[in-house]
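Coordinates for the following, if possible.
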Amino acid sequence: MRGSEFSDMRAFVAIVEEGNFSRAAARLRISPSTLSQTIRQFEERIGAQLLIRTTRSMSVTHAGQRLFDRFRPALREMEAALGEVRNLQGAVSGTVRMVLPRLALASLVEPHLGDFARAYPEIHLELGINDAVIDIVGDGFDVGITLGELLEQDMVAVKMGPDLRQLAVAAPEYLARYGTPETPAELLAHNCINWRKPGSDKIYNWEFFDAGRWFGVAVQGSLMVSHRDTALQAAAQGAGIAFAYWSSQWMQPLIDAGRLVPLLEKYSPQFPGWYLYYARQHQTPAAVRAVIDFFRAANRPSDGS
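Okay, here's the model as predicted:
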């Protein structure tokens with residue numbers, strides 16, 4: 001690889017991964033105009049169009065997709081090798097991309113970002129907030145956080161934080177007007193706030209436990225959301241019954257303030273919660289290992305599991 005081709009390829013990969021020039025430029029810490037010129041000159045040198053750009057959208061050509069698919073794994077290996085050499089000379093450094101849902105961000109990562117920055121000032125940590133289930137390798141992430149039930153079998157996973165619990169909740173005024181459900185089946189007679197994962201067409205069935213088994217209830221209602229914290233806010237305004245993970249950030253303050261009332265608690269036991277996971281590889285880059293070890297230690301379950 002000659003001259004600036006490595007940096008040009010790194011810029012091209014960033015554009016495809018981010019999906020637009022502005023986000024890629026921010027990731028590379030250059031201006032969008034500089035990035036656009038870099039890619040234009042790169043295309044001229046190799047004699048192939050890699051991207052189709054309009055004022056409103058960007059797409060990857062067939063040649064660009066083939067180049068991206070072949071080069072991205074090599075780029076990650078080269079960046080890891082460079083990071084290891086730098087680490088031999090001093091502080092751990094490099095870029096680490098983590099993807100996680102909003103609730104995991106609020107409870108497991110946000111409270112520790114200051115400590116992480118002080119402990120690893122040379123690591124560039126990129127957080128992708130996504131409530132959908134994704135392929136972390138295919139989407140270019142090094143580490144992810146997800147629920148244990150959603151883990152793929154070929155991933156390395158470590159438990160993060162305590163067990164979770166999902167609760168149905170409603171505002172006192174809603175219950176005063178429409179009554180309080182005593183069993184999960186009675187939810188079918190109520191206005192429930194449905195939830196659907198981003199990128200999915202399937203509506204989530206509310207899950208409860210009774211007589212030694214878990215079962216789902218397909219509730220109905222006039223409101224559908226893609227984020228459960230939105231459902232909690234709507235429920236607190238009397239829009240219906242919501243079903244969400246208990247959290248000290250979103251649910252507990254509303255319960256403590258008397259704006260939400262927990263329902264059907266005996267049908268809602270705890271279950272294994274969040275896991276940090278990453279792909280198996282022969283040698284984990286030092287920066288990725290530092291991120292894993294730091295957030296694992298910061299969120300170690302109290303029972304030692």
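
Tell me who's in contact with residue 215.
Residue 215 is in contact with 184, 207, 208, 209, counting by Cβ atoms under 8 Å, 6 or more residues apart in numbering. (Glycine included, C-beta is placed from N, CA and C.)

now the helices for this protein?
5-18, 21-28, 32-46, 62-89, 102-104, 113-119, 172-178, 228-236, 251-256, 286-298 (DSSP state H).

Relative to residue 163, which of those helices is closest?
For these, the distance to residue 163 is smallest for helix 102-104, at 13.9 Å, taking Cβ to Cβ.

And that closest one, what does it pack against?
On a contact count with 3 or more Cβ pairs under 8 Å, 6 or more residues apart in numbering; DSSP states H and E, helix 102-104 meets helix 228-236.

ok, of the contacts of residue 215, which come out buried?
Buried members of the contacts of residue 215, counted by 16 or more other Cβ atoms under 10 Å: 184, 208.

would a markdown table of the contacts of residue 215 with pLDDT and distance to residue 123 be doable?
Listed next are the contacts of residue 215 as a markdown table, based on pLDDT from 0 to 100; distance: Cβ to Cβ, whole Å:
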| residue | pLDDT | distance to residue 123 |
| --- | --- | --- |
| 184 | 97 | 45 |
| 207 | 95 | 37 |
| 208 | 97 | 42 |
| 209 | 96 | 41 |
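
With distance to residue 242 added, can I get the contacts of residue 215 in JSON lines?
Output for these, formatted as JSON lines (distance: Cβ to Cβ, whole Å):
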{"residue": "184", "distance to residue 242": "14"}
{"residue": "207", "distance to residue 242": "14"}
{"residue": "208", "distance to residue 242": "15"}
{"residue": "209", "distance to residue 242": "19"}
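
Quick check: of the contacts of residue 215, which lies closest to residue 37?
Closest to residue 37, out of all of the contacts of residue 215 and judged by Cβ to Cβ, is residue 207, at 52.3 Å.

Give the bridge partners for that closest one, please.
Per DSSP bridges, the residues bridged to residue 207 are residue 216.

in stretch 182-189, what's buried?
Applying 16+ other Cβ under 10 Å to stretch 182-189 flags 184, 187 as buried.

Retrieve the pLDDT associated with residue 83.
At residue 83, the pLDDT value in this model is 64.

Residue 130 too?
For residue 130, the pLDDT comes out at 87.

The one 3 residues further on too?
Note on residue 133: pLDDT of 78.

What's the local residue count around it?
15 (other Cβ atoms under 10 Å).

about what we covered before: which one of the contacts of residue 215 is nearest to residue 35?
The shortest gap between residue 35 and any of those belongs to residue 207, at 45.3 Å (Cβ to Cβ).

mind checking how far the closest one is from residue 150?
Distance of residue 207 to residue 150, given as Cβ to Cβ, to the nearest Å: 13 Å.

any common contacting residues for these two?
Common neighbours of residue 207 and residue 150 are not found (criterion: Cβ under 8 Å, 6+ apart).

can you list the weak-confidence ranges in the stretch 51-200 of the chain?
Low-confidence segments of the stretch 51-200 of the chain (pLDDT under 70): 81-90.

rerun at 80
Applying pLDDT under 80 to the stretch 51-200 of the chain picks out residues 54-56, 75-91, 132-133, 197-200.

So what sits opposite residue 225 in the bridge?
With DSSP bridges as the rule, residue 225 is bridged to residue 195.

Could you check how far it is from residue 182?
Residue 225 sits 25 Å away from residue 182, going by Cβ to Cβ.

try residue 168
For residue 168, the distance to residue 182 equals 12 Å [Cβ to Cβ].

who touches both of these two?
When contacts are counted by Cβ under 8 Å, 6+ apart, residue 168 and residue 182 are jointly contacted by residue 264.

Please report how far residue 19 lies from residue 60.
10 Å.

nope, residue 172 is what I was after
For residue 172, the distance to residue 60 equals 53 Å [Cβ to Cβ].

Surely residue 269 and residue 208 touch.
No. Using Cβ atoms under 8 Å, residue 269 makes no contact with residue 208, being 9.2 Å away.
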